[in-house]
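Engineer: Sharing a model that was predicted from the sequence below.
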Amino acid sequence: MVELAAVELGGTRCRATTGRAAAGKAGVVAERFEVLTGDPQPTFAALVEWLAARGPFAAVAVASFGPLRLDPAARDYGRLLAESKPGWRDADVLAPFRSLAKRLVLETDVGAAAFGEQLQRGGRDTLVYVTVGTGIGGGLVIDDRVHHGRLHPEMGHLRVVHDGSFTGICAAHGDCWEGLASGTALAARTGMQAEKLPDGDPAWATEAELLAQGLLAITAVAMPGTIVLGGGVMQRAGLREAVARRLAELNGGFAPLPEVVAPALGEDSALSGALELAARAMGDSAPHRRTQNR
């Protein structure tokens, strides 16, 4: 029996994996399964069917997009709190997986990704993981712990400086960071999907400026040693470097700057981090309170 499993629920695709823990590092992904994010019921059904054929498991970790209720004492624990993905508001992201494991662990996708990336780098510094894709999200790890307050961080809804030429697409805030610089916003701004936008298009300079503005705000608040920039938009060659250069210019030598890097775990950051959260839940050693016995 494979002991551990993890599920990553994303705005564009959802993935499941089986795997194992790796002492002092992020979990090791074995098999992977992927399905496009459609309506909740068929999406969950596909993930559960694949995992059920490989289980049961000692623990399953679910790493989901948000906003998401992470407090086990809350009435709506495990439910999505807003319509960040059409049709998913109030979806219970834990319920479909209860039959598969003795322990369930819940984290955001970006929180799990930040945790995996920090472990992969030795777990020594404060680390922020930012994904720029369908939306923008961020996770923060401090002292071997994913940070949350009353809710998990919602970095995508920072306010950033912009010229006002594009009003933004966020349903809640319009011109927040996600509303201006996500992949969805980039497509709305240019009329073209990011992967089809030519390298020389001026929209890429605007994108670098907007991303650097957000990273400057995050740096001022968290002072991380590392910011990992992942997600589909960041696959564009040279964009990460352009963002880092502009961040340095905006900072003006005022404060120590984080290293801005690509994910060390590639596309597996969230799955690897989630596997380690599942492993810790088995031993009751995790500092994460978002664990629930079945």
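Structural biologist: Here it is on my side, so go on.
Engineer: buried sites along stretch 81-93?
Structural biologist: Neighbour-count burial for stretch 81-93, counted by 16 or more other CB atoms under 10 Å, picks out 84, 85, 88, 91, 93. Where you see a C-beta, it was placed from the backbone N, CA and C, and this is true even at glycine.
Engineer: Kindly report the same for stretch 51-59.
Structural biologist: Buried-residue list, stretch 51-59, by 16+ other CB under 10 Å: 51, 54, 55, 57, 58, 59.
Engineer: do the same with stretch 272-283
Structural biologist: Those would be 272, 273, 274, 275, 276, 277, 278, 279, 280, 281, 282, for stretch 272-283 by 16+ other CB under 10 Å.
Engineer: shaky segments in the stretch 151-294 of the chain?
Structural biologist: 284-294 (pLDDT under 70).
Engineer: ends of stretch 260-280, how far apart?
Structural biologist: Start-to-end span of stretch 260-280 (CA to CA, to the nearest Å) is 28 Å.
Engineer: do the same with stretch 88-98
Structural biologist: So stretch 88-98: terminal residues 19 Å apart, CA to CA.
Engineer: Could you do stretch 152-160 as well?
Structural biologist: Start-to-end, stretch 152-160 (CA to CA) is 20 Å.
Engineer: Longest strand in this structure, by number of residues?
Structural biologist: When the chain is parsed with DSSP state E, its longest strand is strand 25-36.
Engineer: Restricted to helices, list the buried residues of stretch 272-283.
Structural biologist: Using DSSP state H, the subset of the buried residues of stretch 272-283 located in helices is 272, 273, 274, 275, 276, 277, 278, 279, 280, 281, 282.
Engineer: In TSV, list those residues along with distance to residue 27.
Structural biologist: What follows is those, written out as TSV (distance: CB to CB, whole Å):
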residue	distance to residue 27
272	5
273	7
274	7
275	2
276	4
277	8
278	7
279	6
280	10
281	12
282	12
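Engineer: which one of these is nearest residue 179?
Structural biologist: residue 273 (26.9 Å; CB to CB).
Engineer: Setting aside sequence neighbours, what's the nearest residue to that closest one?
Structural biologist: residue 116 (2.8 Å; CB to CB, 6 or more residues apart in numbering).
Engineer: my guess is residue 147 meets residue 129, correct?
Structural biologist: No - when contacts are counted by CB atoms under 8 Å, residue 147 is not listed as touching residue 129 (11.6 Å).
Engineer: which one of these two has more residues nearby?
Structural biologist: residue 129 (32 against 16; other CB atoms under 10 Å).
Engineer: isn't the more buried one right up against residue 110?
Structural biologist: Yes - Residue 129 is in contact with residue 110 according to CB under 8 Å; the separation is 5.5 Å.
Engineer: who touches both of these two?
Structural biologist: 138, 139 (CB atoms under 8 Å, 6 or more residues apart in numbering).
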